[in-house]
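Colleague: okay, here's the prediction I keep looking at, along with the sequence it came from:
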Amino acid sequence: MNKHPIKIGGIMKTFFNIFLAVAAFFSGASLLCAADNSIDIKPYPQRYVECLSAKYDSIRDGDYYYALGQAQEAGREYPKAFKSYCKAAAFYAKGTDNQKLIDGKNGWYRTNSIITDFSYTLPKFKSKIKKYYPWATADDINGWLATKTFLTMDMELPWGGKTFYYFSEVDNLKYRDQAIMDANSEYHGNPIKKFIDLILENYVRADYDNYTAPYDRPKDILADLQFSVKKSKLPKNGDGIVRIWWPMPLNTAGQGSIVEISIEPSEYLVSKTSPDSDIGMAYFEIPIDKIQCELVIRTQVKFRHFQQRFQIAPETIQAYDKESDLYKKYTAPSLNIAITPEITARARQIVGAETNPFLAAKLLNDYITANVDYSFPEYNTNDALGIPLSTYTEGHQFGDCGYQSAYFTALCRSIGIPARASGGFQYFTGKPQSHFWSEFYLPEPYNAWIPNDVTVAEMNKEALGYTKEDLQAYGDFFFGQQDPFRMVVQNDIDIPLTPEPENGSYFFKACLQDPVMLFYGSDKVIMMSSSDRHFYCYGTYEFNYENAMNSMPGGEIQVEAKDFGLTSFGEKAKFLLKDSYLGKSVEIKLSVKQFSDGNSGAVLILPASLDHIAYRLSCLNSSKEKEAFSGRWVIIGKP
């Protein structure tokens, strides 16, 4: 997740890049679908990789192919090793040694991760750069290739060795070079301006006289998460059960009022964690033989998320209780928050003689925003090779939202400041994407987790046309404060799933922003991507209609919306309002306008017949339905 709003979900760039093509609504979760017998399975680097095509023979067995894969992997013959591990897993799936099956699947996962991440030859890499940066000249591109360091992997292929480039390095060019960033932003029209304007006008410069810190100005959100997979993609061997761990919102100090509207298919829901736990999840076990053509899972959950605005007087902070469970837990290392001697030395160098935890955390925060560039890391490869997020970021001094948050957390923990990397989703543009940020704990008199988001703060490096003071104010907002456009799914990285998967099963252990799907006893693994998963967040607008209609007779209520992108639809467009609570749709009147405060927006005439409006606004004039917005709605009176 995290310079451009669209890129803030960077933590999943490869493995979890959440979406978001606009998709038609499913009427509900279902195990049925229209007939579709198409199958598109390729060895790599496609999302679905299965080993059922392995040819069996009477001479060799799974142990032979597994040992062969290990030798090939050690020699960087990753394509060959991948095929050998596939064959080993296919053999093991026919036997009774489940641990060998898991080892074989993990072997092909490791090698497939490297092949998928490092998939660009030099000619392809150059052509992608030209396509992504159309303003660049041939001399520009050749100069970048000659003078910059890129993430590459040398592999031994059947026809000889070759160097391959990490595919996200094309995107990363602008993040690691401010001149390229500025030129790209100018060419594309300063794409993050609307979000920075939103923060500056509505949060940095807001009048807080009528609000109470630290939690105020909440947003009511309806989160609609859908997942689908064709039955043809599911395994034909194993125990016949699809096991899915599904993300759900948590109750936190800044988020609550959770209402579960629907969880489908409810008949296969085995368990749910409490919303007061450290990770929110629903767990399904679905018999494959009950799925006719397509498995569809859908949850709709409403929740409220507050803006956070802490006002800290550093001199009032008391000493930590170092014997408390909280202190011990959040100053200890974990799988991806490794605390190495290098990280500890870096933290001590940054804070110097500062011992106040709030001021020290601010120094660490500012170091990352100034020196640790945003960059999409090779998530699959690092996870497969067991490289912790914090260690990678210390060594490279770049990373995305997950890596930067884990790094800040590790720096804090290394000098005795309790910290954690919280995660879930952000919907800064109305289109939710996965995101991570961090929090550090302050003792008496606050006893609170203080938010910071180094990745979103760094977005000011992409902005053009602002004063230095405005950009500094924008960046400073994200230390000790937080916007309300988020959904928290987990309080920290590396929290175990419930129930825990069978020992050795592969899944991405850092976070649960994508559902985890496992098949026991099968040689199949499914790597989910944006085409499998669709996630929407709608703003909800609720008030007492009876009282409103008494004061505004006439059968209609005028509502004002200020948000992104409305003017692109045009004055004459027809719109459809879908009510997610009642399943109804109604065509509405809309007038695009410019408000006195400079925001673009719209005036909607809404029918007064619904007692709730959880809306998705769609343009009916377009051949391809467009997502509209989740906004800040205010009653302004009778039209």
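Modeller: Sure, I can see it. Residues are numbered from 1 along each chain as shown.
Colleague: any idea which residue sits dead centre in the chain?
Modeller: Ser434 (1.4 Å; C-alpha atoms, centre = their mean).
Colleague: surely that residue meets Phe425?
Modeller: Yes - if you go by C-beta atoms under 8 Å, Ser434 and Phe425 touch, sitting 5.9 Å apart. Backbone N, C-alpha and C define where each C-beta goes, glycine included.
Colleague: ok so, going back, so how far is the strand or helix carrying the residue nearest to the centre of the chain off the chain centroid?
Modeller: Using DSSP states H and E, Ser434 sits in strand 433-442. Distance, stretch centre to chain centre, for strand 433-442: 12 Å (C-alpha atoms, centre = their mean, to the nearest Å).
Colleague: that one: partners in the sheet, and parallel or antiparallel?
Modeller: According to DSSP bridges, strand 433-442 forms sheet pairs with strand 419-426 (antiparallel), strand 448-452 (antiparallel).
Colleague: correct me, but Phe408 touches Asn452?
Modeller: Yes - when contacts are counted by C-beta under 8 Å, Phe408 is listed as touching Asn452 (7.1 Å).
Colleague: looking at those two, which is more packed in?
Modeller: Per other C-beta atoms under 10 Å, whichever of Phe408 and Asn452 has more neighbours is Phe408, with 31 against 26.
Colleague: tell me the SS of that one?
Modeller: Secondary structure, DSSP: H, G, I helix; E, B strand; the rest coil: Phe408 is helix.
Colleague: mind checking pLDDT for it?
Modeller: pLDDT, Phe408: 98.
Colleague: show me the contacts for it.
Modeller: 364-365, 368, 419, 421, 438, 452, 454 (C-beta atoms under 8 Å, 6 or more residues apart in numbering).
Colleague: low-confidence ranges in the stretch 451-600 of the chain?
Modeller: 526-600 (pLDDT under 70).
Colleague: circling back: using CSV, write out the CA atom coordinates for the strand holding Ser434.
Modeller: The C-alpha trace of strand 433-442 is given here as CSV (Å, rounded to 0.1, in the frame of the first residue of the first chain):
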residue,chain,number,x,y,z
GLN,A,433,-7.5,-1.6,-1.3
SER,A,434,-5.4,-3.5,1.2
HIS,A,435,-3.2,-1.4,3.4
PHE,A,436,-1.0,-1.5,6.5
TRP,A,437,0.0,1.3,8.9
SER,A,438,1.5,1.3,12.4
GLU,A,439,0.7,2.2,16.0
PHE,A,440,2.9,2.7,19.1
TYR,A,441,1.7,2.6,22.6
LEU,A,442,2.0,5.4,25.2
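Colleague: neighbours of Pro265, how many?
Modeller: As a burial measure, Pro265 scores 18 neighbours (other C-beta under 10 Å).
Colleague: roughly how far apart are it and Leu326?
Modeller: Distance, Pro265 to Leu326, by C-beta to C-beta, to the nearest Å: 38 Å.
Colleague: if I pick Glu411, what's in contact with it?
Modeller: If you look again at residue 411, you'll see it is Leu, not Glu. 343, 346-347, 350, 364.
Colleague: could you check stretch 357-372 and say which residues are buried?
Modeller: 357-358, 360-362, 364-369, 372 (16 or more other C-beta atoms under 10 Å).
Colleague: how about the CA coordinates for it, as PDB?
Modeller: What follows is stretch 357-372, C-alpha atoms only, in PDB (Å, rounded to 0.1, in the frame of the first residue of the first chain):
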ATOM      1  CA  PRO A 357       8.800   7.600  23.600                       C
ATOM      2  CA  PHE A 358       6.600  10.000  21.800                       C
ATOM      3  CA  LEU A 359       9.400  12.200  20.600                       C
ATOM      4  CA  ALA A 360      11.600   9.100  19.700                       C
ATOM      5  CA  ALA A 361       8.700   7.600  17.700                       C
ATOM      6  CA  LYS A 362       8.400  10.900  15.800                       C
ATOM      7  CA  LEU A 363      12.100  10.800  14.900                       C
ATOM      8  CA  LEU A 364      11.700   7.200  13.700                       C
ATOM      9  CA  ASN A 365       8.600   8.200  11.700                       C
ATOM     10  CA  ASP A 366      10.300  11.100  10.100                       C
ATOM     11  CA  TYR A 367      13.400   9.100   9.200                       C
ATOM     12  CA  ILE A 368      11.300   6.600   7.200                       C
ATOM     13  CA  THR A 369       9.200   9.300   5.400                       C
ATOM     14  CA  ALA A 370      12.400  11.100   4.400                       C
ATOM     15  CA  ASN A 371      14.700   8.100   3.600                       C
ATOM     16  CA  VAL A 372      12.800   4.900   3.000                       C
END
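Colleague: contacts for that stretch, please.
Modeller: With C-beta under 8 Å, 6+ apart as the criterion, stretch 357-372 contacts 312, 314, 317, 320, 347, 350-352, 354, 393, 397-399, 404, 407-408, 411-412, 415, 417, 419, 440, 442, 450, 452, 454, 457-458, 475, 479.
Colleague: give me the distance from that stretch to the chain's centre.
Modeller: 23 Å.
Colleague: what's the average pLDDT for that stretch?
Modeller: pLDDT averaged over stretch 357-372 gives 98.
Colleague: again, but for stretch 336-353
Modeller: Mean predicted lDDT for stretch 336-353 stands at 98.
Colleague: gap between Thr212 and Arg309?
Modeller: 9 Å.
Colleague: grab the longest helix from the protein for me.
Modeller: helix 98-117 (DSSP state H).
Colleague: related to what we said a few turns ago, Thr212 and Arg309: which is more packed in?
Modeller: Between Thr212 and Arg309, counted using other C-beta under 10 Å, the more crowded position is Arg309 (20 against 9).
Colleague: need phi/psi at the more buried one.
Modeller: phi -150, psi 90 (degrees, to the nearest 10).
Colleague: tell me the bridge partners for it.
Modeller: Bridge pairing for Arg309 - DSSP bridges - gives Gln481.
Colleague: looking at it, it is touching Asp216, isn't it?
Modeller: Yes - between Arg309 and Asp216 there is a contact under C-beta under 8 Å: 6.7 Å.
Colleague: overlap in contacts, these two.
Modeller: Tyr208.
Colleague: count the residues that sit near Phe507.
Modeller: Using other C-beta under 10 Å: Phe507 sits among 16 other residues.
Colleague: quick one, what contacts the closest residue to it other than its chain neighbours?
Modeller: Nearest residue to Phe507, sequence neighbours excluded (C-beta to C-beta, 6 or more residues apart in numbering): Val516, at 4.5 Å. Val516 is in contact with 244-245, 497, 501, 507-508, counting by C-beta under 8 Å, 6+ apart.
Colleague: nearest to Gly75 among the residues you listed?
Modeller: In terms of C-beta to C-beta, no member of the contacts of Val516 lies closer to Gly75 than Phe508, at 26.9 Å.
Colleague: circling back: from the contacts of Phe408, pick the one nearest Lys193.
Modeller: Distances from Lys193 to those, taken by C-beta to C-beta, are shortest for Val454, at 20.8 Å.
Colleague: these two touch, right, that closest one and Ser438?
Modeller: Yes - shown here, Val454 and Ser438 form a contact pair, counting by C-beta under 8 Å, at 7.3 Å.
Colleague: more neighbours: these two, which one.
Modeller: Taking other C-beta under 10 Å, Val454 and Ser438 do not tie; Ser438 has more neighbours (32 against 26).
Colleague: the more buried one: what's it in contact with?
Modeller: Counted by C-beta under 8 Å, 6+ apart, Ser438 has contacts 405, 408-409, 412, 419-422, 451-454.
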